[in-house]
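# Quick one, structure for this:
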Amino acid sequence: MILEFSIANTYCIKELQTVSFETALTNNVDDDLHVCVMPDGKKLLKIACVYGANASGKSKLLVALRDYLNFMLHSFQNIKPDAPTGHVPFLFDETCRNSPGFFSITFYHVPEGSLTNEPRRFVYELSMDAHKVFKESLVYYPKSQKKLIFNRIGTHVKWGDMIKGTKKQISQMIRDNVSLISGAANLNQTFMASIHKVLSGLLPEPLITPDRYYDIFTAMSVDAIEKRNVISVLKAADFHDISDITMKEFDFSTQLETQMSHDVVEELKKNGVNMKQWDVSVTHTFEGHAMELPLDEESEGTQRFLETMVPLILSCNIPKLLRIDEIESSLHIELIEFFIRSFLHNCNDSQLLFTTHILDLMDSKLLRDDEIWIARKKEDGACEYTSITDYTGLRKDVSRKYYYEAGKFGGYPLTDGYFSLKGCMNAKKNKK
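Predicted coordinates for the structure are as follows:
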């Protein structure tokens with residue numbers, strides 16, 4: 001599980017911003033549902049929800065987290081020598097444009113060779129710009145004192161005593177535009193490979209966004225999610241008429257060759273482009289009569305719910321950090337509450353990070369104050385993120401939605417009521 005992550009000088013984030021899953025409230029009656037206790041006594045929340053106006057940095061927070069994690073885990077395989085790292089700094093400040101970005105993540109993992117089988121706290125840090133890595137380090141806490149695993153400056157690496165063998169080989173092969181963790185895992189160094197494996201398992205799915213990037217049907221196939229479980233959840237969410245889902249995999253490279261040359265298609269295959277696609281249909285049964293419809297003819301809400309439900313089922317069985325941007329996209333608030341409630345009751349070691357504009361969730365009793373974060377844009381264009389628990393003087397019996405709409409937390413869009421478009425629509429031609 002993740003304790004916290006921090007980001008600086010990346011996209012719209014200028015100064016260091018930290019989002020924490022550590023509890024800020026004590027002795028809550030809902031701790032059994034919302035909180036997991038780590039061996040070192042840290043109490044971690046299962047949910048973090050981010051509110052804010054449009055262009056306040058909600059989505060960019062999730063995108064920045066995704067990009068750093070992808071670089072951390074896959075840069076050695078995905079970035080060619082002399083290619084850019086992909087980092088984008090805060091562009092509205094000259095100093096930031098010429099400075100590296102920063103990322104850190106604190107997570108729990110059972111160390112390789114551990115006799116207690118208890119997860120320990122690890123802290124990973126990374127500093128890089130668009131061209132190279134400046135610093136990278138990994139430490140962990142076997143007890144109260146931290147222990148070095150590695151500390152990298154440029155391409156020079158200082159090793160702790162946890163790493164055995166292959167150290168020289170790793171140091172020699174690490175390029176300045178990739179992460180050491182991805183390179184060491186590629187060499188199958190035992191300890192580093194175990195770190196890579198647990199993080200890859202925790203964070204395998206792409207960020208779920210309103211444009212439906214997540215390939216749920218490949219996930220169902222690879223992770224052996226039983227179709228009957230999917231249909232059971234659909235029925236529990238009031239999709240009673242759905243009785244079956246049919247999935248057929250096909251190779252669409254032949255179809256591509258009608259638009260591109262055979263050589264181009266072969267090159268795409270060599271570069272790892274997946275040529276397998278799914279032909280999916282959904283069967284509806286009304287009064288004993290079944291009708292099969294292609295998935296793309298289903299409603300936006302049905303498709304969106306399927307997209308969020310499959311990773312939910314996965315998160316019940318395997319610890320994950322599920323990330324969803326605009327969870328309310330195409331979904332009724334009752335389905336959103338169903339999703340959150342199902343997550344809290346069934347996903348014991350997983351966490352959910354999502355953005356939303358649905359203010360009624362603030363007062364739904366599904367979210368605690370320490371699970372709600374507010375994104376806001378400052379006058380210099382930089383975004384900052386604060387928890388509701390950072391604010392004082394909040395009465396327990398007063399609506400959080402009311403406080404938010406009243407501007408107590410910031411991050412609420414302030415408009416002028418309306419704007420007259422008459423001057424824009426009725427412009428007259430200049431007779432001169």
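
# beta partners for the most centrally placed residue in the chain?
Note on the chain: the residue nearest the mean C-alpha position is residue 323, at 3.4 Å, using Cα atoms, centre = their mean. In this entry, residue 323 is beta-bridged to residue 353, by DSSP bridges.

# same deal with residue 290?
Assessed by DSSP bridges, residue 290 has beta-bridge partners residue 285.

# one step back: quick one: the residue nearest to the centre of the chain and residue 289, what's the gap?
Per Cβ to Cβ, to the nearest Å, residue 323 is found 40 Å from residue 289. All C-beta atoms are positioned from the backbone trio N, CA, C, and that covers glycine.

# Could you pull up the mean pLDDT of stretch 216-223?
The pLDDT scores in stretch 216-223 average 71.

# what does stretch 349-366 give?
On average, stretch 349-366 scores 94.

# Show the end-to-end separation of it, please.
For stretch 349-366, the first-to-last residue distance is 18 Å (Cα to Cα, to the nearest Å).

# buried residues in that stretch?
Judged by neighbour count (16 or more other Cβ atoms under 10 Å), stretch 349-366 contains these buried residues: 349-356, 358-359, 361-362, 364, 366.

# which other residues reach the stretch of helix or strand residue 96 belongs to?
Here residue 96, judged by DSSP states H and E, is contained in helix 94-97. With contact meaning Cβ atoms under 8 Å, 6 or more residues apart in numbering, helix 94-97 is reached by 9, 14, 89, 90, 91.

# at 10 Å instead, please
With contact meaning Cβ atoms under 10 Å, 6 or more residues apart in numbering, helix 94-97 is reached by 8, 9, 10, 13, 14, 15, 89, 90, 91, 129, 382.

# Have a look at this structure and report its longest helix.
Longest helix of the chain, by residue count under DSSP state H: helix 58-78.

# Who are the contact partners of residue 65?
When contacts are counted by Cβ under 10 Å, 6+ apart, residue 65 is found next to 2, 5, 7, 10, 19, 103, 105, 203, 207, 321, 323, 353.

# separation between it and residue 321?
9 Å.

# Could you do residue 299 as well?
Residue 299 sits at a distance of 29 Å from residue 321 (criterion: Cβ to Cβ).

# who has more neighbours, these two?
Per other Cβ atoms under 10 Å, whichever of residue 299 and residue 321 has more neighbours is residue 321, with 23 against 9.

# Cross-check the contact I'm expecting between that one and residue 352.
Yes. Between residue 321 and residue 352 a contact is recorded at 7.9 Å, counting by Cβ atoms under 10 Å.

# shared neighbours of these two, which are they?
Common neighbours of residue 321 and residue 352, using Cβ under 10 Å, 6+ apart, are 48, 315.

# for the stretch 101-250 of the chain, what spans make up the strands?
In the stretch 101-250 of the chain, the strands defined using DSSP state E, counting those that start in this stretch lie at 101-109, 120-128, 133-141, 147-153, 156-159, 242-251.

# Write down the beta-bridge partners of residue 4, one by one.
Going by DSSP bridges, residue 4 forms beta bridges with residue 20, residue 106.

# What about it, how many residues nearby?
Applying other Cβ under 10 Å, we find 16 other residues in the vicinity of residue 4.

# What's the separation between it and residue 286?
Residue 4 is 49 Å from residue 286, where distance means Cβ to Cβ.

# now residue 414
Separation of residue 414 from residue 286 (Cβ to Cβ): 48 Å.

# Just want to know which of these two has more residues nearby.
residue 286 (10 against 6).

# who touches stretch 334-343?
Contact with stretch 334-343 is made by 33, 46-47, 49, 233, 236-239, 301, 304-305, 308-309, 312-313, 315-316, 322, 324, 327-329, 331-332, 350-352, 354, 356, 358, 360-361, 364-367, as judged by Cβ under 10 Å, 6+ apart.

# Tell me how far that stretch lies from the chain's centre.
The chain centre lies 18 Å from the centre of stretch 334-343; the measure is Cα atoms, centre = their mean, to the nearest Å.

# Output that stretch as CSV, restricted to C-alpha atoms.
C-alpha atoms of stretch 334-343 as CSV (Å, rounded to 0.1, in the frame of the first residue of the first chain):
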residue,chain,number,x,y,z
GLU,A,334,-26.1,6.2,-7.1
LEU,A,335,-23.7,4.0,-9.2
ILE,A,336,-20.7,6.1,-8.0
GLU,A,337,-21.8,5.5,-4.4
PHE,A,338,-22.3,1.8,-5.2
PHE,A,339,-18.8,1.6,-6.5
ILE,A,340,-17.2,3.4,-3.5
ARG,A,341,-19.2,1.3,-1.0
SER,A,342,-18.3,-1.9,-2.8
PHE,A,343,-14.6,-0.9,-2.8
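
# Would you mind listing the buried residues in that stretch?
335, 336, 337, 338, 339, 340, 342, 343.

# What is the nearest of the residues you listed to residue 155?
Set against residue 155, the nearest of the buried residues of stretch 334-343 by Cβ to Cβ is residue 343 (42.0 Å).

# got the residue ranges for the helices in the protein?
Using DSSP H, helices in the chain cover 31-34, 58-78, 94-97, 167-173, 180-186, 190-202, 216-222, 227-236, 253-256, 262-270, 300-317, 333-346, 400-405, 422-425.

# Strand 133-141 and the second one, what's the angle between them?
Same thing as helix 58-78. Per axes from the mean of the first three to the mean of the last three Cα atoms, to 10 degrees, the angle that helix 58-78 makes with strand 133-141 is 100 degrees.

# May I see the buried residues of helix 58-78?
Neighbour-count burial for helix 58-78 flags 58-76 (criterion: 16+ other Cβ under 10 Å).

# Ok, the first one next?
Along helix 31-34, the positions that meet the burial threshold by neighbour count (16+ other Cβ under 10 Å) are 31, 33, 34.

# got the contact list for the residue nearest to residue 78 when sequence neighbours are not counted?
Leaving aside its sequence neighbours, residue 78 sits nearest to residue 70 (Cβ to Cβ, 6 or more residues apart in numbering; 7.7 Å). Residue 70 makes contacts with 78, 86, 179, 182, 203, 206, as judged by Cβ under 10 Å, 6+ apart.

# Show the pLDDT at the third one.
It refers to residue 179. Looking at residue 179, the pLDDT reads 95.

# Residue 308 now?
87.
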